[in-house]
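Peer 1: based on what follows, work out the 3D shape:
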Amino acid sequence: SRVKRLSGIIVNITARIFFSTVVHRGVPRKVFS
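Peer 2: Predicted coordinates for the structure are as follows:
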């Protein structure tokens, strides 16, 4: 369970960084839909 939590945290952080960079670049919302 410890590994699952750690991997989940890593995925969460990477997802936040990815979305933040995408938002900063101003990518159209069509990509998300």
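Peer 1: so what secondary structure elements neighbour the helix or strand in which Ile10 is found?
Peer 2: In this structure, Ile10 sits in helix 2-25 according to DSSP states H and E. The helices and strands touching helix 2-25, judged by 3 or more Cβ pairs under 8 Å, 6 or more residues apart in numbering; DSSP states H and E, number zero. Where C-beta positions appear, they are placed from N, C-alpha and C, glycine not excepted.
Peer 1: under the pLDDT cut-off, which ranges of the chain? List them.
Peer 2: Along the chain, segments meeting pLDDT under 70 span 26-33.
Peer 1: follow-up on the earlier one: off-centre distance for the helix holding Ile10?
Peer 2: Here the centre of helix 2-25 is set off from its chain's centre by 4 Å, with Cα atoms, centre = their mean, to the nearest Å.
Peer 1: which parts of it are buried?
Peer 2: Within helix 2-25, no residue qualifies as buried by neighbour count (16 or more other Cβ atoms under 10 Å).
Peer 1: change the start of the numbering to 23 and stick with it
Peer 2: Let's use 23 as the start, then, which means that last one is helix 24-47.
Peer 1: put the alpha carbons of it into PDB.
Peer 2: Taking Å, rounded to 0.1, in the frame of the first residue of the first chain, the C-alpha atoms of helix 24-47 are listed here in PDB:
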ATOM      1  CA  ARG A  24       3.000   2.300   0.700                       C
ATOM      2  CA  VAL A  25       4.200   2.000  -2.900                       C
ATOM      3  CA  LYS A  26       0.700   2.700  -4.200                       C
ATOM      4  CA  ARG A  27       0.500   5.900  -2.200                       C
ATOM      5  CA  LEU A  28       4.000   7.000  -3.300                       C
ATOM      6  CA  SER A  29       3.200   6.300  -7.000                       C
ATOM      7  CA  GLY A  30      -0.100   8.100  -6.700                       C
ATOM      8  CA  ILE A  31       1.600  11.200  -5.200                       C
ATOM      9  CA  ILE A  32       4.100  11.200  -8.000                       C
ATOM     10  CA  VAL A  33       1.400  10.900 -10.700                       C
ATOM     11  CA  ASN A  34      -0.500  13.700  -9.000                       C
ATOM     12  CA  ILE A  35       2.600  16.000  -9.000                       C
ATOM     13  CA  THR A  36       3.500  15.200 -12.600                       C
ATOM     14  CA  ALA A  37      -0.200  15.800 -13.700                       C
ATOM     15  CA  ARG A  38      -0.200  19.200 -11.900                       C
ATOM     16  CA  ILE A  39       3.100  20.200 -13.500                       C
ATOM     17  CA  PHE A  40       1.800  19.100 -17.000                       C
ATOM     18  CA  PHE A  41      -1.500  20.900 -16.700                       C
ATOM     19  CA  SER A  42       0.200  24.100 -15.300                       C
ATOM     20  CA  THR A  43       2.600  24.200 -18.300                       C
ATOM     21  CA  VAL A  44      -0.300  23.500 -20.700                       C
ATOM     22  CA  VAL A  45      -2.300  26.400 -19.200                       C
ATOM     23  CA  HIS A  46       0.700  28.700 -19.300                       C
ATOM     24  CA  ARG A  47       1.200  28.000 -23.000                       C
END
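Peer 1: lovely, talk soon.
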